[in-house]
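> could you look at this predicted model? Sequence included:
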Amino acid sequence: MKASELDKKFDDGEEDILQYFDLSKGERFNQKQKRVNVDFPQWMINSLDRESKRIGVTRQSLIKMWLADKLEKIG
């Protein structure tokens with residue numbers, strides 16, 4: 001199928017175009033995981049745990065959210 005045909009099917013919304021893709025080989029750009037270990041003082045862990053509980057996420061998720069926010073701001 002040509003890209004223009006696929007675009008038309010998508011734009012017309014007549015059918016689900018996902019059937020035309022092999023999703024088993026799809027990857028999210030820049031999302032490969034790599035494990036790192038970071039040591040924090042106990043007071044930071046306590047503060048992280050309070051905040052993560054307050055907003056209802058895990059400590060790891062909170063750290064990731066805060067790091068992502070900071071890294072987006074610095075470009």
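Ah, there it is. Numbers count the residues shown, from 1 in each chain.
> so the residue nearest the centre of the chain, which of the three states?
A centroid search over the chain (Cα atoms, centre = their mean) returns residue 31, at 7.2 Å, as the residue closest to the centre. Of the three states, residue 31 takes coil under DSSP: H, G, I helix; E, B strand; the rest coil.
> if I look at it, how far off is residue 64?
As judged by Cβ to Cβ, to the nearest Å, residue 31 and residue 64 stand 12 Å apart. Where you see a C-beta, it was placed from the backbone N, CA and C, and this is true even at glycine.
> repeat for residue 54
Plainly put, residue 54 is 17 Å away from residue 64 if you go by Cβ to Cβ.
> and these two? Which one has more around it.
Taking other Cβ atoms under 10 Å, residue 54 and residue 64 do not tie; residue 64 has more neighbours (12 against 9).
> name the residues of the helix or strand that one falls within that are buried.
According to DSSP states H and E, residue 64 maps onto helix 59-74. Residues of helix 59-74 classed as buried by neighbour count (16 or more other Cβ atoms under 10 Å): 62, 63.
> okay, that helix in PDB with CA atoms only?
Output of helix 59-74 as PDB, limited to C-alpha atoms (Å, rounded to 0.1, in the frame of the first residue of the first chain):
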ATOM      1  CA  ARG A  59       9.200   6.600  44.700                       C
ATOM      2  CA  GLN A  60      10.800   5.500  41.500                       C
ATOM      3  CA  SER A  61       8.100   7.200  39.400                       C
ATOM      4  CA  LEU A  62       8.400  10.400  41.400                       C
ATOM      5  CA  ILE A  63      12.200  10.500  40.800                       C
ATOM      6  CA  LYS A  64      11.700   9.900  37.100                       C
ATOM      7  CA  MET A  65       9.100  12.600  36.800                       C
ATOM      8  CA  TRP A  66      11.200  15.100  38.600                       C
ATOM      9  CA  LEU A  67      14.300  14.300  36.600                       C
ATOM     10  CA  ALA A  68      12.400  14.400  33.300                       C
ATOM     11  CA  ASP A  69      11.000  17.800  34.200                       C
ATOM     12  CA  LYS A  70      14.400  19.200  35.100                       C
ATOM     13  CA  LEU A  71      16.000  17.800  32.000                       C
ATOM     14  CA  GLU A  72      13.300  19.200  29.700                       C
ATOM     15  CA  LYS A  73      13.800  22.600  31.200                       C
ATOM     16  CA  ILE A  74      17.600  22.600  30.600                       C
END
